[in-house]
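Asker: Whatever this is, show me its structure:
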Amino acid sequence: MEKCDNCSSMISQQSYELHIIHCSRYFYLCSCMLMISSKEKSSHDEKFHNLTPCSRCGLQVEFWQLNNHSCVNSFIECQICELHLSYIDYNEHFNKCKARTTQCLQCKKFFPYENMKKHNLTPCMPALNSSRSQGEKKFRQKKNKKSSWVSLSLRQQNPLRPQLKSEDFDHKIAEDLLEDIVNSEIDEEEKYNVFTKF
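Answerer: Down below sits the predicted model:
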């Protein structure tokens with residue numbers, strides 16, 4: 001198979017030479033990428049390749065390019081935000097618009113717009129996030145009850161001990177340490193020394 005230089009068709013080797021002779025005599029590949037018969041070339045050129053003024057900017061353009069020419073006065077709709085912009089401003093706006101962050105409606109995380117399509121292809125876990133936040137609330141409520149109980153029991157055992165606040169400690173670890181100290185069999189003076197180190 002060989003490619004015809006005139007019409008760009010793939011032709012078998014047996015009929016290639018005959019095709020070249022016939023194709024170049026009767027057909028013509030126009031600059032608008034249409035294959036036209038040689039007889040229709042003049043009417044085609046007159047109809048499609050005549051210079052025509054653009055109704056928006058006045059620029060003289062070949063008729064077949066009129067709808068696709070880069071008219072400075074035409075408006076293009078942004079593919080992201082659907083805003084209508086002039087042809088001149090479009091590229092700058094589009095580059096900024098695709099770099100902005102958007103929030104996933106399911107998992108509530110923020111992503112650059114251009115990564116959002118990729119994120120939407122992966123499974124989103126909205127239920128996991130909501131149960132996690134509910135779990136955090138329950139943990140905080142339980143922690144606050146527990147820390148106030150530990151603080152109260154320590155004050156009852158040793159009124160001279162300074163009052164400790166749960167936010168002064170590193171969350172759960174410090175609370176467990178306090179509980180171990182309170183429940184241990186160390187005498188009161190040693191407990192007081194441990195608490196004053198905090």
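
Asker: And the helices in this protein?
Answerer: 16-26, 41-48, 87-99, 113-121, 126-157, 171-183, 188-197 (DSSP state H).

Asker: Low-confidence ranges, this protein, go.
Answerer: 126-198 (pLDDT under 70).

Asker: domain parsing for it?
Answerer: 2-49, 75-121, 146-197 (automatic domain parsing).

Asker: what number of residues lie near His49?
Answerer: 15 (other CB atoms under 10 Å). Bear in mind the C-beta positions are built from the backbone N, C-alpha and C, glycine included.

Asker: doesn't Val61 make contact with it?
Answerer: No - with contact defined as CB atoms under 8 Å, His49 and Val61 do not form a contacting pair (10.5 Å).

Asker: Next, the closest residue to Cys124 other than its chain neighbours: phi, psi?
Answerer: Leaving aside its sequence neighbours, Cys124 sits nearest to Gln106 (CB to CB, 6 or more residues apart in numbering; 4.0 Å). Backbone geometry at Gln106, expressed as degrees, to the nearest 10, gives phi -90, psi -50.

Asker: just checking, Gln106 touches Thr122?
Answerer: No - using CB under 8 Å, Gln106 makes no contact with Thr122, being 10.9 Å away.

Asker: Who has more neighbours out of these two?
Answerer: Between Gln106 and Thr122, Gln106 has the larger neighbour count (other CB under 10 Å), namely 14 against 7.

Asker: how far away is the more buried one from Asn120?
Answerer: 9 Å (CB to CB, to the nearest Å).

Asker: what's the burial count for Tyr28?
Answerer: Neighbour tally, Tyr28, other CB under 10 Å: 19.

Asker: Quick check: Tyr28 touching Ile36?
Answerer: Yes - counting by CB under 8 Å, Tyr28 touches Ile36, with 5.4 Å between them.

Asker: Roughly how far does the closest residue to Thr102 other than its chain neighbours sit from Arg100?
Answerer: Nearest non-adjacent residue to Thr102, counting by CB to CB, 6+ apart: Tyr113, 5.2 Å away. According to CB to CB, Tyr113 and Arg100 sit 6 Å apart.

Asker: again with Ile11
Answerer: From Ile11 to Arg100 the distance is 52 Å (CB to CB).

Asker: more neighbours, the two?
Answerer: Set Ile11 next to Arg100 and count neighbours by other CB under 10 Å: Ile11 wins out with 17 against 12.

Asker: Identify the residues contacting the more buried one.
Answerer: 1-4, 19 (CB atoms under 8 Å, 6 or more residues apart in numbering).

Asker: For Met125, see how far away it is.
Answerer: On the measure of CB to CB, Ile11 and Met125 end up 57 Å apart.

Asker: for Leu105, same thing?
Answerer: 13 Å.

Asker: Neighbour count for those two, which is higher?
Answerer: It is Met125, of Leu105 and Met125, that has more neighbours when counted by other CB under 10 Å, with 12 against 9.

Asker: No further questions, thank you.
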